[in-house]
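Asker: A predicted structure for the sequence below; I have some questions about it.
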Amino acid sequence: MSLTHQPIGPGSHVFLVDGSSFVFRAYFQSIRQDAKYNYRADRLPTGAVRLFCAKLFQFVREGAAGVMPTHLAIIFDKSENSFRKEIYPDYKAHRQEPPADLVPQFPLMRAAVRAFGLLPIEQDVYEADDLIATYAKLARARGADVLIVSADKDLMQLIDDKVSMYDPASGTREERRIGYNEVIEYFGVPPEKVVDVQALAGDSTDNVPGAKGIGVKTAALLINEYGDLDTLLARAGSIKQPKRREVLTDPASVALIRTSQKLVKLVDDAPLEISLDDLGLHQPDGKTLVSFLQAMEFTQLTRRAAETYGVEANEIEPDPAFVGPAGWRGRNGEVAEAPAQQAPAAPAAKLPTPEAGALTPAALAEARREEGVATKIDRSLYETVTTLERLDAWIAEAFAAGFVAMDTETTSLDPMSCDLVGVSLATAPGRACYIPLRHVASAGPDLLGGGEPPPAQIPFDDAIARLKPLLEARSVLKIAQNMKYDLLVLACCGVDVAPIEDTMLISYALDSGRNNHGLDELAKKHLGHECIPFAAVAGSGRSFIGFARVPLDKATEYAAEDADVALRLWRVLKPRLAAEHMTSVYETLERPMVGVLAAMERRGVAIDRNILSRLSGEFAQDMARLEAEIYDLAGESFNLGSPKQLGDILFGRMGLPGAKKTATGAWSTSASVLEDLAESGNTFAARILDWRQLSKLKSTYTDALPGFVNKATNRVHTSYALAATTTGRLSSSEPNLQNIPVRNEAGRKIRKAFVAEPGHALISADYSQIELRLLAHIADIPQLRQAFAEGIDIHAKTASEMFGVPVQGMPSDVRRRAKAINFGIIYGISAFGLANQLGIPREEAAAYIKRYFERFPGIRDYMDKTKRLVREQGVVTTIFGRKCHFPRIGSSNASERAFFERAAINAPIQGAAADIIRRAMARMDAALATAGCSARMLMQVHDELVFEAPLEETETTIAVVKRVMEEAPHPAATLTVPLQVEARAAQNWDEAH
DNA sequence: AGCTTCACG
DNA sequence: GACGTACGTGAAGCTG
């Protein structure tokens, strides 16, 4: 390759590209894309190289910012021995190691630059920024225009009328041109004073110290006032603000500022190894370029380069210097280690001819999906069944098929208080019927019934008597969407539906985190079909007429469609379970829960309404007292429940310090903000907190719970959602029984209202530290495993490992910190979060985390591995095989990505705990029955099960419950830590807990 | 309906 | 380099 020697002069456009920042950008962009594009077939990571090449290709062909370069230099940082390290050893000290996947790509970047016919520029001692400064100065001296391509604000000091910057678009930002005005916008000063501002403000990313307590804003203010840094420091004694005067006159601090100045100022007279004129741009050699791109296996780029430079790609061999292990050569010729990971799954085989026997499950699912999409849903084909003959015919058809999809229509969404209005059945795609049972005269245009007779229907009891044998037949599989609901409704009619299949739960097992699992959404996604919205037939809000008044033709279209769609979904989704190895998750963790939860919900729990109404009264009195005091302190009355008004008073009228903003920019009045105020002696804030607590307890619990007592059973029947969370946990609603207060005295009074029926006790059994135990198992942490094996207090043990304090006589505050760290770890720790939690500076929190990872390196490994896995595959798996998907892990928003990474770290832990308690619940009824216990499960609160047992059976029940819960992982998983369950019996939930 | 706050694990 | 921040839920009240 020969270099052209084009002299640089007026009219030249010199592009100086900050190669290192480009490389990192390319890398971070690459990991947001599908992993299959980021590796060569031999697993050499090449994603960053690909994006780097694409960008280079663009520059060479089209230029940037509307300018074509005449000269182009890609400039890299060569090594660690920057002269700045000599000046200040901590310079860039806490930079992280580059990601493992990026390291083998560094030499390939240089090779790519050469393949484009350019010289990669890098020099010892000088950083890329210094070389850019030097080239820029030389070029402008010759009258050329210079475009620095970089996002690094350190380069802004170089900008003038001939030198500008261009920051290309990244995942998060638009491209932008940075000139004189943009520098003033960013630093508050023109380019020539940027160094002075940076010397004062410092730079945390490069570890440039600057002046303590002075940021860019203050620095710009000072420099603008005094003209420059020298003048400022000379006259610092006259500064009014004591803090600023102190930091600008103290000799040690001034020395740091001077050092910072040297660190920040770019060297513009570095001895260049490659002369300015050697940067001339000429057309790349097509063969060389294509040969390199082929070795990298970049198919798109190869094709485009071949077209652009008029070469025939087929005739060019991949460059042998980069094929096979040669591609792995590192900087020093060593062979990099392939990351230990699975190759992405091969794309599903092309659909074979539809001979059912030869189909793989995946192909079957795909075939049915296509068939389902092709066979349009035609609602006019549905039948309204109003005679016993037709009903019998449908039932016979279901028996013949061996499966039937079904759906129930009711008067309300509450399965414990609604009436069954009709049943729909489907025996084949498109073959569905609706059996109205309790329809009344349809609503007229005025929504009134008008006194007409009800439409002709099969008498309710007759229809149920005919349906019961079908719905209970072991030989016929009953398929429904959210079968728990239908099970509850039909149980009220004396029908015990079995065996069952649930499309919602199949979808949940397959696609948790990818989409929600409602029928309408699944129909849209898998069948391309838009279901009739419920509100369109039954109305909503004030216009709600209830399903019983929907005319039969419309009711049939809606109801039969649901059964038809459920059947079609089942045909598409069910084969995917086998194909995607999710059958055992579905069969052991999902399907068994339907009957278990239905029974729990149906049983309900007794609450003592007297206790609650007495509490409501107490709370109301206390609140009134507090309210008066608060208005007195405020000097005015206002709406206490309005965060807006409260914020205005606190931070507007009173002008209190410590104001924070919420996501939408309003004043935050959250407990943490008010606690800070209260701690500094603000009585007003303290009273608000007291009032808030009582208000919460009263409105959410003592006032609301009695409204959920079922008239017929006199008990509260929550509803557990099986497919609501991304981790496998249940959720509870109407009422939510999983957030009944327990953490403070006032709240616990509410638990006393959850009582056992006469002659019975409530038994609460909860897993002790299950998530930390699972962390110790999953990340394989010897010290933690041993502590659990020996029954040592785990937080004390952590504290002792970290701070070297003996477990015996551990100060409670030390233990508290270790406990917060332990929880933080489970949540995907950040220094910010831990600092917030503990009320300590972020640096201190960061030091804790560092120490924690030093003591327990396995946890860092686990976190890194999980993050890598989720970025590559978009999914994490619990030890029981449950998958949690994070499709948005590739988001272009960095904070959003970090959020999903933390969630992905948490999911296998929270999810495994959820799996374990599900396993226990699935086995519990049989175990109790075998032991002769008539105890019944009433509630689940994530790591706790609550039972009601006859007084004389409490002891046996506790033994059985403990055993089933502690042995729940077996035989699917053998934990390396023991599980421990604490169980107690009492008359109410508070005392049992 | 969206936001804020707060109850739980 | 910038930017927001501990994981998972559901309910109530205010606001527009």
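Answerer: Happy to help now that I have it.

Asker: Report the mean confidence score over stretch A:108-115.
Answerer: Stretch A:108-115 carries an average pLDDT of 92.

Asker: List the buried residues of stretch A:872-891.
Answerer: A:872-886, A:889-891 (16 or more other C-beta atoms under 10 Å). (Glycine included, C-beta is placed from N, CA and C.)

Asker: Now do it: distance from first to last residue.
Answerer: Using C-alpha to C-alpha, to the nearest Å, one end of stretch A:872-891 lies 13 Å from the other.

Asker: what's the answer for stretch A:37-55, then?
Answerer: 16 Å.

Asker: Confirm A:Ala922 sits in a helix?
Answerer: Yes: according to DSSP: H, G, I helix; E, B strand; the rest coil, A:Ala922 belongs to a helix.

Asker: What count of nearby residues applies to it?
Answerer: 19 (other C-beta atoms under 10 Å).

Asker: so A:Arg692 is in which element?
Answerer: Element membership of A:Arg692, judged by DSSP states H and E, is helix A:683-696.

Asker: can you tell me if that helix touches DNA strand B.
Answerer: Yes: Helix A:683-696 comes into contact with DNA strand B (C-beta under 7 Å from any atom of the strand), by way of A:Leu689, A:Arg692, A:Gln693, A:Lys696.

Asker: got the contact list for the third one?
Answerer: Put plainly, it is A:Gln693. Residues near A:Gln693 by C-beta atoms under 8 Å, 6 or more residues apart in numbering: A:Asn744, A:Ala746, A:Gly747.

Asker: cool, and the first one?
Answerer: Applying C-beta under 8 Å, 6+ apart, one finds that A:Leu689 lies in contact with A:Ala671, A:Leu674, A:Glu675, A:Ala678.

Asker: any chance of those in a markdown table, plus secondary structure and neighbour count?
Answerer: Formatted as a markdown table, the contacts of A:Leu689 follow (DSSP: H, G, I helix; E, B strand; the rest coil; neighbours: other C-beta atoms under 10 Å):
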| residue | secondary structure | neighbour count |
| --- | --- | --- |
| A:Ala671 | helix | 14 |
| A:Leu674 | helix | 22 |
| A:Glu675 | helix | 14 |
| A:Ala678 | helix | 18 |
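
Asker: Filtering those by proximity to DNA strand B, which remain?
Answerer: Near DNA strand B, judged by C-beta under 7 Å from any atom of the strand, the entries from the contacts of A:Leu689 are A:Ala671, A:Leu674.

Asker: what does chain A have sitting close to DNA strand B?
Answerer: A:643, A:647, A:662-666, A:668-671, A:674, A:689, A:692-693, A:696-697, A:700, A:738-744, A:747, A:766, A:910, A:941-944.

Asker: try it again with 6 Å
Answerer: The interface of chain A toward DNA strand B, taken as C-beta under 6 Å from any atom of the strand, is made up of A:643, A:662-664, A:666, A:668-671, A:692-693, A:696, A:738-743, A:747, A:910, A:941-943.

Asker: which of these are buried?
Answerer: In the residues of chain A next to DNA strand B, the ones that pass as buried (16+ other C-beta under 10 Å) are A:643, A:668-669, A:692-693, A:738, A:740-741, A:747, A:910, A:941-943.

Asker: Which ones among the residues you listed map onto helices?
Answerer: Of the positions in these, A:Pro643, A:Arg692, A:Gln693, A:Gly747, A:Gln910 sit in helices, assigned by DSSP state H.

Asker: Of those, just say which sits nearest to A:Ala986.
Answerer: Lowest distance from A:Ala986 to these (C-beta to C-beta) belongs to A:Gly747, with 17.3 Å.

Asker: can you pull the contacts of that closest one?
Answerer: A:Gln693, A:Leu697, A:Pro741.

Asker: How many residues are close by the residue lying closest to A:Gln783 once chain neighbours are set aside?
Answerer: Closest residue in space to A:Gln783, ignoring its immediate chain neighbours: A:Glu801 at 5.8 Å, by C-beta to C-beta, 6 or more residues apart in numbering. By the criterion of other C-beta under 10 Å, A:Glu801 has 20 neighbours.

Asker: before we move on, what about the one 3 residues further on?
Answerer: Applying the criterion other C-beta under 10 Å, we find 7 residues in the vicinity of A:Gly804.

Asker: separation between it and DNA strand C?
Answerer: In this view, A:Gly804 and DNA strand C are 21 Å apart by C-beta to the nearest atom of the strand, to the nearest Å.

Asker: now swap in A:Gly63 and tell me
Answerer: Using C-beta to the nearest atom of the strand, one obtains 23 Å as the distance from A:Gly63 to DNA strand C.

Asker: With adjacent residues omitted, what lies nearest to that residue?
Answerer: Of all residues not flanking A:Gly63 in the chain, A:Pro69 sits nearest, at 5.6 Å (C-beta to C-beta, 6+ apart).

Asker: For the one you found, give me its contacts.
Answerer: Neighbouring residues of A:Pro69 by C-beta under 8 Å, 6+ apart: A:His13, A:Val14, A:Phe15, A:Phe59, A:Gly63, A:Leu147, A:Leu281.

Asker: Quick check: it is in a helix.
Answerer: No: counting by three-state DSSP, A:Pro69 is not part of a helix but coil.

Asker: Looking at the stretch 351-500 of chain A, which residue is nearest DNA strand B?
Answerer: When scored by C-beta to the nearest atom of the strand, the stretch 351-500 of chain A has A:Leu413 as its residue closest to DNA strand B, at 15.1 Å.

Asker: That residue: what secondary structure?
Answerer: coil.

Asker: count of neighbours near it?
Answerer: 11.

Asker: do the same with A:Thr205
Answerer: A:Thr205, neighbours per other C-beta under 10 Å, totals 11.

Asker: Doesn't it lie inside a helix?
Answerer: No: using three-state DSSP, the assignment for A:Thr205 is coil, not a helix.

Asker: Centre of the chain to the helix or strand bottoming out on mean pLDDT in chain A, how far?
Answerer: Using mean pLDDT, DSSP states H and E, helix A:361-374 stands out as the lowest-scoring helix or strand of chain A, at a mean of 79. Counting by C-alpha atoms, centre = their mean, to the nearest Å, helix A:361-374 is centred 31 Å from the centre of its parent chain.

Asker: And stretch A:310-318, by the same measure?
Answerer: For stretch A:310-318, the distance to the chain centre is 45 Å (C-alpha atoms, centre = their mean).

Asker: Tell me who's in contact with the residue nearest to A:His717 when sequence neighbours are not counted.
Answerer: Nearest residue to A:His717 in three dimensions, chain neighbours excluded: A:Gly604, at 4.1 Å (C-beta to C-beta, 6+ apart). The neighbours of A:Gly604, taking C-beta under 8 Å, 6+ apart as the test, are A:Met416, A:Asn710, A:Thr713, A:Arg715, A:Val716, A:His717, A:Thr718, A:Leu938.

Asker: The third one is in what secondary structure piece?
Answerer: Just to be clear, that refers to A:Thr713. Applying DSSP H and E, one finds A:Thr713 in no helix or strand.

Asker: and it, how many neighbours?
Answerer: Neighbours of A:Thr713 under the rule other C-beta under 10 Å: 14.

Asker: just the fifth one next, same as before
Answerer: Residue crowding around A:Val716 was assessed by other C-beta under 10 Å; the count is 22.

Asker: Thought A:Ala704 was touching it, still the case?
Answerer: No: using C-beta atoms under 8 Å, A:Val716 is not in contact with A:Ala704; the gap is 10.6 Å.
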